[in-house]
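A.B. asks: just need the structure, nothing else, for what follows:
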Amino acid sequence: MSSSPNPEIIRSMFSKVAAEYDKANSVLSVGIHHLWRKKLVQLSEAQPGQRVLDCATGTGDLAIEFKKSVGTTGKVIGTDFCPAMLTTAPAKAKKKNLEVQFEQADVTQLQYSDHQFDIVSISFGIRNVGDPVKALQEMARVCKPGGRIMVLEFGQMRTPVVKHMYKFYSEKVLPVLGGMITGQKEAYEYLQTSSAHFPCREGFISLMKKADCFSEMTYTPVSFGIAYIYTGIVK
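C.D. replies: Purely as a prediction, here's the structure:
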């Protein structure tokens with residue numbers, strides 16, 4: 001596995017792609033990433049009135065999806081350590097008539113007190129964190145015992161034919177298309193490479209075990225294992 005990501009390089013990279021990030025996501029995933037987020041919220045069993053913290057929220061998609069489930073009596077805070085990524089998030093939530101709070105925060109050192117949230121989530125962010133185990137520990141710290149930590153992250157596929165097709169797309173097509181849309185081809189090359197090497201399935205479960213915060217850990221593949229949703233029940 002490659003060395004840990006450098007936080008300042010990651011922050012700078014996401015700042016550069018922020019303006020076109022949503023457009024690039026929709027083109028590159030043909031919009032399917034929205035279905036993955038809906039599935040994550042479903043698996044989290046989010047209920048009206050619950051409190052949710054979404055880390056590495058980016059432009060707010062998962063935070064907004066959670067707000068639909070927790071309703072007006074619930075509270076959702078979306079955080080990101082890159083301020084530029086958060087600039088479009090409030091307007092996006094407002095357009096859907098949903099009240100979501102957005103704040104700058106680093107998932108490895110969250111500014112929230114212990115046991116505040118029913119659910120703490122992160123989508124496509126944990127592989128960009130310098131210390132994923134510390135991030136999982138921080139997420140668990142601010143979550144109530146019995147609450148859920150939800151992680152959505154790219155992985156490596158197992159199905160041979162689909163695997164080869166996706167490998168070609170992600171290595172040859174995705175960086176070029178992402179570069180054309182955002183003008184930052186290097187960012188999409190990094191995102192592809194990091195996805196190809198980040199631990200998935202049992203590999204990520206072993207990171208969750210190392211964090212030593214969970215009584216139960218499971219994973220669910222989405223779209224043939226292009227990505228995985230991990231659920232951890234906090235001790």
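A.B. asks: what about the helices in the protein?
C.D. replies: With DSSP state H as the criterion, the chain has helices at 7-17, 21-29, 32-44, 61-70, 83-86, 89-95, 132-141, 160-168, 174-182, 185-197, 202-211.
A.B. asks: run through who's touching the first one.
C.D. replies: Residues from elsewhere that reach helix 7-17 (CB atoms under 8 Å, 6 or more residues apart in numbering): 21, 24, 58, 81-85, 106, 128-130, 178, 182-184, 186-187, 190. C-beta coordinates here come from the backbone N, C-alpha and C atoms, glycine included.
A.B. asks: now swap in the fourth one and tell me
C.D. replies: The set of residues external to helix 61-70 that reach it, using CB under 8 Å, 6+ apart, is 33-34, 37-38, 40-41, 44, 46-52, 54, 57, 74, 76-78, 89, 92-93, 96, 98-100, 102, 119, 121, 123, 152.
A.B. asks: same thing with the second one?
C.D. replies: By CB under 8 Å, 6+ apart, the list of residues contacting helix 21-29 from outside reads 14, 17, 33, 58-59, 85, 88, 174, 177-178, 181-182, 188.
A.B. asks: quick one: least confident helix or strand in this structure?
C.D. replies: When the helices and strands of the chain are compared on mean pLDDT, DSSP states H and E, helix 21-29 comes out lowest with a mean of 73.
A.B. asks: buried residues in that helix?
C.D. replies: 21, 24-25, 28-29 (16 or more other CB atoms under 10 Å).
A.B. asks: low-confidence bits of this structure, can you list those?
C.D. replies: 1-3, 24, 27, 30 (pLDDT under 70).
A.B. asks: one more pass at 50, please.
C.D. replies: Counting by pLDDT under 50, the chain has low-confidence residues at 1-2.
A.B. asks: what residue in it is the furthest from its centre?
C.D. replies: Val161 (26.9 Å; CA atoms, centre = their mean).
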